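Sequence first, then the predicted structure:
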Amino acid sequence: SKFSSAGVPRLGIPENWMSDGPHGIREEMIWDKWRNAGWTNDSCIAFPALSCLAATWNPELSLLYGKSIGEEARYRNKNVLLGPGANIYRLPLNGRNFEYLGEDPYLTTKMVVPYIQGVQSNGVAACVKHFPGAGIYATRDTHFVPECNTMTLEEWEQTSGKVYQDVIDSGVWSVMISHAAFPAVDDTKIGKRYMPSTFSKKVVTDLLKGKMGFNGVVITDDMYMRSCKSMFSSREEMYINALNAGNDILLGPEMEPDFQPGYIDVIEQAVKDGRVSMERIDDACSRVLEFKEKMSLFKPGIYSEEQYPGKATANTRALCTEIAEKALTLVVNDTGLLPLSKKNIKNIAIVAFAHIEKFFGSMDELKEILEGMGFKVDVYNKLTQDLSKQIAENYDLIIYSTFIGPHAPCGKPSFYGDVMKSFFNVLAYGAEKSVCVSFGSPHIFYEYFEFCDTFINAYSYDRTMLETFAKAIFGEIPFVGKSPVKLYPQRNF
């Protein structure tokens, strides 16, 4: 299925269940569809984004983060977490930045290794991704189009390669391969385009399993992505090339009865025809069996649901609060507006900018939190010049609240259309009593708010961060977070 494999009951080989991560255990999915199953008894904690975790610069919190998410995975009967993300990024235009730990290889390694150790302490496999990385200057999204890592091998070994080597040496159990090409290692082309790493034996077998010494399980990224499907004339050719490259588990191949022939039938026939060797099948099966042994899947009951309810929820909520409080970053406070004095404020306006409805729902939560502190609060989802003037005249505090995040909008992380037009009126009136905040990309500051006097990076809009933001602006807790990325363009990285 999309996130599971059935195992072989007659041989006593257990099934395998994965969860897309790395910020919480994903809702239950329909077995063979990219749709949630709509369960009413399905729940998890919304963890802060990894960019938020990175802003704490605290490896001990990263260990506890991984341990807590591993506990929730076990409670939800998931034994593989498809995360964490360990890529290095240095441009704001990559829509996957939220799931990485910043631009510095040293910080990324210091945070990602304990995260993995925490996850795997619960018998849950971490699957670090997306090897070998799309490149530190990548901007394209492999869900839609192939990306190309243009680094030299030497550059890669000093940045992303160093991180992945440290992760492998620390004992990660699985690695996810990127659909990005890496011509410094394999400059083979399919038509006019470089071959994605997913299909490159030089990347998967020679580099990852050979030179770097990874002896765990290699998992592809989703095989349904356009960056895969657009490279081959048939599904059969795509699956065979991925398996021959050295991948041990293919994520989300098309199965029977919706597709004929299904993935298993394709591979079986390829073995019979000699297009896939039994040696390759044996290697993949051996790795997967050892993988399941590490997760204690051959010992039913060693991890039970009774170990985790209550404990996981209470501990995890407390941890998320600590992460939020140590990550919240005061970017600029040029006029000394913060901390605010409650006695001078009665009416607050929240002006929200985003491209997803869920964020506006979270602003209703922020309204509720501020009302609980004794203020009268109104939320606005658009801004005209006249409205900007009215807000400045009628409110004691204006909070400009923004969000750009994963596939929100889908494609390049940017505001556009009517939302973008509203920025003509941001801070047109009442700038002296305005606080601007990003609950998503930390790069919103430079791209849209560099002219403001008071700006905060919150990284995430979960309930815990909303509560933390409200406490911090009124001085109940200090701002102690440090940005994991440079917020101004740099000539040299």
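That came through fine. Residues are numbered from 1 along each chain as shown.

going forward, measure contacts and count neighbours with C-alpha atoms only.
Will do.

Which stretches in the stretch 201-350 of the chain count as strands?
Under the criterion DSSP state E, counting those that start in this stretch, the stretch 201-350 of the chain contains strands at 217-220, 329-333, 347-353.

Same list (the ones you listed) but as JSON lines, adding mean neighbour count, mean pLDDT and distance to Val172.
Compiled in JSON lines, the strands of the stretch 201-350 of the chain are given as follows (neighbours: other CA atoms under 10 Å; pLDDT from 0 to 100; distance: least, CA to CA, whole Å):
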{"stretch": "strand 217-220", "mean neighbour count": "26", "mean pLDDT": "97", "distance to Val172": "9"}
{"stretch": "strand 329-333", "mean neighbour count": "19", "mean pLDDT": "98", "distance to Val172": "31"}
{"stretch": "strand 347-353", "mean neighbour count": "21", "mean pLDDT": "97", "distance to Val172": "39"}
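
mind checking which helix or strand Gly70 is in?
helix 59-75 (DSSP states H and E).

buried stuff in stretch 421-437?
For stretch 421-437, burial by neighbour count (16 or more other CA atoms under 10 Å) applies to 422-423, 425-427, 429-431, 433-437.

circling back to that earlier point, so what strands line up beside the helix or strand just after the helix holding Gly70?
Using DSSP H and E, the helix or strand that follows helix 59-75 in sequence is strand 80-82. Using DSSP bridges, strand 80-82 pairs in its sheet with strand 16-20 (parallel), strand 125-131 (parallel).

For Asp186, which of those is the nearest?
Closest approach to Asp186 among the strands paired with strand 80-82 (CA to CA): strand 125-131, 13.9 Å.

Report the mean per-residue pLDDT for the closest one.
In this model, strand 125-131 carries a mean pLDDT of 96.

Using CSV, write out the CA atom coordinates for whichever helix or strand comes after that strand.
Using DSSP H and E, the helix or strand that follows strand 125-131 towards the C-terminus is helix 153-158. Taking C-alpha atoms only, helix 153-158 is exported to CSV below (Å, rounded to 0.1, in the frame of the first residue of the first chain):
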residue,chain,number,x,y,z
LEU,A,153,31.5,15.9,-4.9
GLU,A,154,33.9,17.9,-2.7
GLU,A,155,31.3,20.5,-1.9
TRP,A,156,28.8,17.8,-1.1
GLU,A,157,31.2,16.0,1.2
GLN,A,158,31.7,19.1,3.2
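
next structured bit after helix 153-158?
Following helix 153-158 in sequence, per DSSP H and E, is helix 160-169.

Mind giving me the packing neighbours of that following helix?
With contacts taken as 3 or more CA pairs under 8 Å, 6 or more residues apart in numbering; DSSP states H and E, helix 160-169 sits against helix 105-120.

For Lys189, grab phi and psi.
phi -120, psi 150 (degrees, to the nearest 10).

How many residues are close by it?
By other CA atoms under 10 Å, 13 other residues sit near Lys189.

Lys343 too?
Neighbour number of Lys343 under other CA under 10 Å is 6.

Next: Gln390.
Applying other CA under 10 Å, I find that Gln390 has 13 neighbouring residues.

How about the one 4 residues further on?
When counting by other CA under 10 Å, one arrives at 12 neighbours for Asn394.

what's the distance between it and Ala428?
15 Å (CA to CA, to the nearest Å).

residue ranges with poor pLDDT in the stretch 151-300 of the chain?
255-260 (pLDDT under 70).

For it, which segments are assigned as helices?
Ranges of helices in the stretch 151-300 of the chain, per DSSP state H, counting those that start in this stretch, are 153-158, 160-169, 201, 226-229, 235-245, 263-273, 278-294.

export the ones you listed to CSV and tack on distance to Ala472?
Output for those, formatted as CSV (distance: least, CA to CA, whole Å):
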stretch, distance to Ala472
helix 153-158, 38
helix 160-169, 34
helix 201, 51
helix 226-229, 43
helix 235-245, 49
helix 263-273, 53
helix 278-294, 43
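
Name the nearest residue to Gly481, ignoring sequence neighbours.
Ala327 (4.0 Å; CA to CA, 6 or more residues apart in numbering).

Also Ala354?
Nearest to Ala354 is Phe403, by CA to CA, 6+ apart, at 5.2 Å.

do Ser296 as well
Gly123 (6.7 Å).

TSV for the strands paired with strand 80-82, including distance to Glu60?
Shown next, in TSV, are the strands paired with strand 80-82 (distance: least, CA to CA, whole Å):
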stretch	distance to Glu60
strand 16-20	24
strand 125-131	17
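
still on that earlier bit, number of nearby residues for the residue nearest to Ala354?
Using other CA under 10 Å as the criterion, the residues surrounding Phe403 number 28.

That one touches Val351, doesn't it?
No - Phe403 is beyond contact range of Val351, at 11.6 Å (criterion: CA atoms under 8 Å).

that older thread, including mean neighbour count and distance to Tyr164, could the strands paired with strand 80-82 go into a markdown table?
Shown next, in a markdown table, are those (neighbours: other CA atoms under 10 Å; distance: least, CA to CA, whole Å):
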| stretch | mean neighbour count | distance to Tyr164 |
| --- | --- | --- |
| strand 16-20 | 20 | 20 |
| strand 125-131 | 27 | 8 |
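
can you pull the contacts of the most centrally placed residue in the chain?
For the chain, the residue nearest the mean C-alpha position is Glu99 (2.7 Å; CA atoms, centre = their mean). Contact analysis of Glu99 by CA atoms under 8 Å, 6 or more residues apart in numbering lists 22-23, 49-51, 84-85.

For the buried residues of stretch 421-437, which two are the farthest from each other?
The widest separation within the buried residues of stretch 421-437 (CA to CA) is 18.6 Å, between Ser422 and Lys433.

Pull up the gap between the residue lying closest to Asn215 once chain neighbours are set aside and Glu155, please.
Spatially, and ignoring its direct neighbours in sequence, Asn215 is nearest to Lys209 (6.2 Å; CA to CA, 6+ apart). Lys209 sits 20 Å away from Glu155, going by CA to CA.

Counting neighbours, go ahead and name the busier of the two.
Neighbour totals were compared for Lys209 and Glu155, and Lys209 leads with 18 against 14 (other CA under 10 Å).

so the more buried one sits right up against Lys201, yeah?
No - in terms of CA under 8 Å, Lys209 does not count as a neighbour of Lys201; the distance is 9.9 Å.

Run a quick neighbour tally on the residue nearest to Ser296.
Using other CA under 10 Å as the criterion, the residues surrounding Gly123 number 22.

my guess is it is in a helix, correct?
No - under DSSP: H, G, I helix; E, B strand; the rest coil, Gly123 falls outside any helix and is assigned coil.

contacting residues around it?
70, 79, 294-296 are the contacts of Gly123 under CA under 8 Å, 6+ apart.

same question, Val480
Here Val480 is in contact with 56, 325-330 (criterion: CA under 8 Å, 6+ apart).

ok, so what distance separates it from Asp20?
Counting by CA to CA, the gap from Val480 to Asp20 is 30 Å.

Kindly report the same for Lys389.
Using CA to CA, which is the criterion applied here, Lys389 is 45 Å from Asp20.

Let me know the closest of the contacts of Gly123 to Leu370.
After measuring the contacts of Gly123 against Leu370 - CA to CA - the closest member comes out as Gly70, at 32.9 Å.

can you count the residues close to that closest one?
31.

who's in contact with it?
Residues near Gly70 by CA under 8 Å, 6+ apart: 81, 118-124.

Same list, the residues you listed, but as JSON lines with distance to Leu466 please.
Converted to JSON lines, the contacts of Gly70 look like this (distance: CA to CA, whole Å):
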{"residue": "Leu81", "distance to Leu466": "26"}
{"residue": "Gly118", "distance to Leu466": "26"}
{"residue": "Val119", "distance to Leu466": "26"}
{"residue": "Gln120", "distance to Leu466": "30"}
{"residue": "Ser121", "distance to Leu466": "30"}
{"residue": "Asn122", "distance to Leu466": "30"}
{"residue": "Gly123", "distance to Leu466": "32"}
{"residue": "Val124", "distance to Leu466": "30"}
